[in-house]
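A.B. asks: The following comprises the amino acid sequence and a computationally predicted model.
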Amino acid sequence: MNIMNILIIEQTKNNKELENILLKQGISAITVDFGGLNISQIVSTYNPSVILFNTNEPNERLLQIILDVNNACAIPIVLFSDDVDTKVIDKVIKSGVSGYVVNGRESKRIKSIIDIAIARFSEQKLLKDELEKTKSKLEERKLMDRAKGILMKTRGLSEDESYHTLRKLAMNRNIAISEMAKNVISMVELLE
């Protein structure tokens with residue numbers, strides 16, 4: 001991923017510290033203050049490649065905002081903090097950040113931290129996409145099995161014959177076999 005635009009959401013007295021570090025490295029960045037934040041409006045306005053949150057201590061409101069960002073759009077998020085509490089670290093990780101950095105705002109590390117967060121985000125996205133695809137296939141399989149069971153029961157067909165019947169019906173109607181399975185199930189539910 002090519003970093004083009006970084007949004008820094010600042011909740012410390014070191015206002016613009018990260019922005020200045022990034023600008024010196026030739027990376028486009030803009031800082032906004034955490035107070036009164038409408039995250040969806042800010043993200044849509046700036047369209048960032050990466051979001052950096054800079055705070056002394058993550059609080060529940062901040063973690064909720066991070067969770068909201070993750071639910072609204074797929075974007076790498078890095079949280080810089082001074083808090084080393086293990087309970088806080090667990091909550092931060094569960095909020096979905098791609099990187100959590102404690103006491104690590106040194107200028108020579110920032111670019112590497114962002115690159116690692118982007119790589120981690122990309123890997124997690126691949127895993128999430130694969131999980132969704134697997135869940136979808138499993139759901140389709142359940143529908144197929146249920147539709148085959150209906151055909152076996154109502155028409156006295158074997159499992160293999162039921163599958164071929166579903167397949168033929170789907171081909172004749174030019175729809176996916178999983179869609180045909182849904183139609184069979186819907187028809188039986190309607191007639192019951």
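C.D. replies: All right, it came through fine. Residues are numbered from 1 along each chain as shown.
A.B. asks: next SSE after the helix or strand bottoming out on mean pLDDT in the chain?
C.D. replies: Every helix and strand in the chain was compared by mean pLDDT, DSSP states H and E; the lowest is helix 39-46, with a mean of 79. Tracing the chain C-terminally past helix 39-46 and defining elements by DSSP states H and E, one meets strand 50-55 next.
A.B. asks: So what touches the helix or strand just after that following strand?
C.D. replies: Next helix or strand after strand 50-55 toward the C-terminus (DSSP H and E): helix 60-72. The contact list for helix 60-72 (CB atoms under 8 Å, 6 or more residues apart in numbering) reads 11, 34, 37, 39-40, 43, 51, 53, 55, 75, 77, 79, 91-92, 95-97. Quick note: C-beta positions are derived from backbone N, CA and C, even for glycine.
A.B. asks: Next, the angle strand 50-55 makes with the lengthiest helix in the chain.
C.D. replies: Secondary structure of the chain per DSSP state H: the longest helix is helix 107-155. Helix 107-155 runs at 120 degrees relative to strand 50-55, counting by axes from the mean of the first three to the mean of the last three CA atoms, to 10 degrees.
A.B. asks: what are the phi and psi values for N103?
C.D. replies: The phi/psi pair for N103 (degrees, to the nearest 10) reads phi 50, psi 50.
A.B. asks: Give me the nearest residue to it, chain neighbours excluded.
C.D. replies: Spatial nearest neighbour of N103, chain neighbours left out: D82 (5.9 Å); criterion: CB to CB, 6 or more residues apart in numbering.
A.B. asks: How about I75?
C.D. replies: Once flanking residues are discounted, I75 sits nearest to I51: 6.0 Å by CB to CB, 6+ apart.
A.B. asks: quick revisit: tell me what the least confident helix or strand of the chain is packed against?
C.D. replies: Applying 3 or more CB pairs under 8 Å, 6 or more residues apart in numbering; DSSP states H and E, one finds that helix 39-46 contacts strand 6-11, helix 60-72.
A.B. asks: can you tell which of those is closest to T134?
C.D. replies: With CB to CB as the measure, helix 60-72 is the member of the helices and strands packed on helix 39-46 nearest T134 (20.6 Å).
A.B. asks: next one: that closest one to chain centre, how far?
C.D. replies: Relative to its chain's centre, helix 60-72 lies at 12 Å (CA atoms, centre = their mean, to the nearest Å).
A.B. asks: again, but for stretch 103-110
C.D. replies: Its chain's C-alpha centre and that of stretch 103-110 lie 26 Å apart, by CA atoms, centre = their mean.
A.B. asks: next one: stretch 68-80
C.D. replies: How far stretch 68-80 lies from its chain's middle: 8 Å, per CA atoms, centre = their mean.
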